[in-house]
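In: Take a look and give me a structure for this.
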Amino acid sequence: MMKNANIHILAVAAALCFGMTAQANLNDASLSVYYSFDGDGDVITDHSSYGNHGSIAAGALTRQDGHVGMALLFENTRVDLNGPEFQNKPVDGITIAAWIRHAGSGDPQTLFDAKGTDHGSGLYHAEIRPGGFRWFSRDGSSTTVFNINPGPVLPADEWVHFVGTYDSESGMARTYVNGEMTHEAQGAGKLSGNWDDTAGIGDHNGGRWLTGLLDEYFIFSRALSADEINAVMTGAFTSVDPKGKAAISWAGVKTGR
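Out: The predicted structure follows:
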């Protein structure tokens with residue numbers, strides 16, 4: 001009996017630590033957005049501490065089975081991030097991470113887009129392209145901050161984890177696929193925090209539509225390290241196993257957001 005009681009106590013303690021770790025990670029001050037795309041209703045809940053909830057500005061909100069739980073189906077769909085009111089806009093650095101299962105297209109497909117009021121051009125081109133991903137940013141003076149083009153080719157019709165990072169201190173921009181760095185390029189300067197025109201996922205100026213499924217979408221206001229990228233990819237960042245092996249802890253994380 002004593003042995004079983006000790007095992008039970010240890011299991012409870014481990015579960016509590018697991019939940020505390022998940023909550024601490026979701027409260028990371030640099031985490032600007034985390035969309036799991038689970039749940040229901042018309043609001044795309046942001047599980048970061050900033051409450052940057054998304055809404056459907058074009059197309060329909062359709063959820064399907066994803067890499068973890070549910071994913072959002074993009075078919076001429078735009079998710080509006082409310083650029084003017086967006087909290088914790090990346091300036092010193094950025095990381096965008098997501099699981100993607102795109103359907104393939106001869107046109108660019110937009111993973112993230114933002115525009116300010118300083119000029120009419122996009123501040124970012126984070127685009128799946130047949131010849132390789134484009135990971136690009138310009139600032140408020142229309143000066144290029146970083147540019148990886150072409151980057152990695154993301155195969156269609158299979159789940160792929162993509163990450164793009166930039167750090168203004170080192171000036172390095174990098175791309176990662178399934179946890180492995182594929183490309184890097186030297187950039188320079190700060191990112192524009194003027195998203196007062198628009199920010200969103202799924203299109204650029206009514207074109208370059210993303211087609212397919214998107215899951216576990218993150219924006220950070222800094223460049224994550226390789227170890228942190230792997231933690232996000234594997235679910236360790238949210239203390240969730242992407243294969244569903246930690247269902248109890250996943251439910252705990254979900255209900256606490």
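In: show me where the stretch 1-150 of the chain has strands.
Out: 31-35, 43-44, 54-58, 62-65, 70-74, 78-80, 93-102, 109-115, 124-128, 134-138, 144-148 (DSSP state E, counting those that start in this stretch).
In: mind putting those in TSV, distance to Thr238 and mean pLDDT included?
Out: (C-beta placed from N, C-alpha, C; glycine too.) Formatted as TSV, the strands of the stretch 1-150 of the chain follow (distance: least, C-beta to C-beta, whole Å; pLDDT from 0 to 100):
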stretch	distance to Thr238	mean pLDDT
strand 31-35	8	97
strand 43-44	17	93
strand 54-58	18	95
strand 62-65	18	95
strand 70-74	15	97
strand 78-80	20	97
strand 93-102	12	98
strand 109-115	20	98
strand 124-128	22	97
strand 134-138	24	98
strand 144-148	27	98
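In: For the ones you listed, give me JSON lines that also has distance to Ile219 and mean neighbour count.
Out: What follows is the strands of the stretch 1-150 of the chain, written out as JSON lines (distance: least, C-beta to C-beta, whole Å; neighbours: other C-beta atoms under 10 Å):
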{"stretch": "strand 31-35", "distance to Ile219": "4", "mean neighbour count": "25"}
{"stretch": "strand 43-44", "distance to Ile219": "13", "mean neighbour count": "18"}
{"stretch": "strand 54-58", "distance to Ile219": "11", "mean neighbour count": "17"}
{"stretch": "strand 62-65", "distance to Ile219": "20", "mean neighbour count": "13"}
{"stretch": "strand 70-74", "distance to Ile219": "15", "mean neighbour count": "23"}
{"stretch": "strand 78-80", "distance to Ile219": "12", "mean neighbour count": "22"}
{"stretch": "strand 93-102", "distance to Ile219": "6", "mean neighbour count": "23"}
{"stretch": "strand 109-115", "distance to Ile219": "8", "mean neighbour count": "25"}
{"stretch": "strand 124-128", "distance to Ile219": "10", "mean neighbour count": "25"}
{"stretch": "strand 134-138", "distance to Ile219": "13", "mean neighbour count": "24"}
{"stretch": "strand 144-148", "distance to Ile219": "16", "mean neighbour count": "19"}
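In: who wins for proximity to Ser225 among those strands?
Out: Closest approach to Ser225 among the strands of the stretch 1-150 of the chain (C-beta to C-beta): strand 93-102, 9.7 Å.
In: Just give me the residue right at the centre of this structure.
Out: Phe218 (2.4 Å; C-alpha atoms, centre = their mean).
In: Out of the strands of the stretch 1-150 of the chain, flag the one nearest His183.
Out: Across the strands of the stretch 1-150 of the chain, closest to His183 is strand 144-148 (C-beta to C-beta), at 5.0 Å.
In: Kindly export the very next helix or strand once past that closest one (C-alpha atoms) in CSV.
Out: Counting by DSSP states H and E, the next helix or strand C-terminal to strand 144-148 is strand 160-167. The C-alpha trace of strand 160-167 is given here as CSV (Å, rounded to 0.1, in the frame of the first residue of the first chain):
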residue,chain,number,x,y,z
VAL,A,160,5.4,20.2,-42.6
HIS,A,161,6.6,22.4,-39.7
PHE,A,162,7.9,25.7,-40.9
VAL,A,163,9.7,28.4,-38.8
GLY,A,164,11.1,31.7,-39.9
THR,A,165,13.2,33.8,-37.4
TYR,A,166,15.0,37.2,-37.4
ASP,A,167,17.1,38.8,-34.7
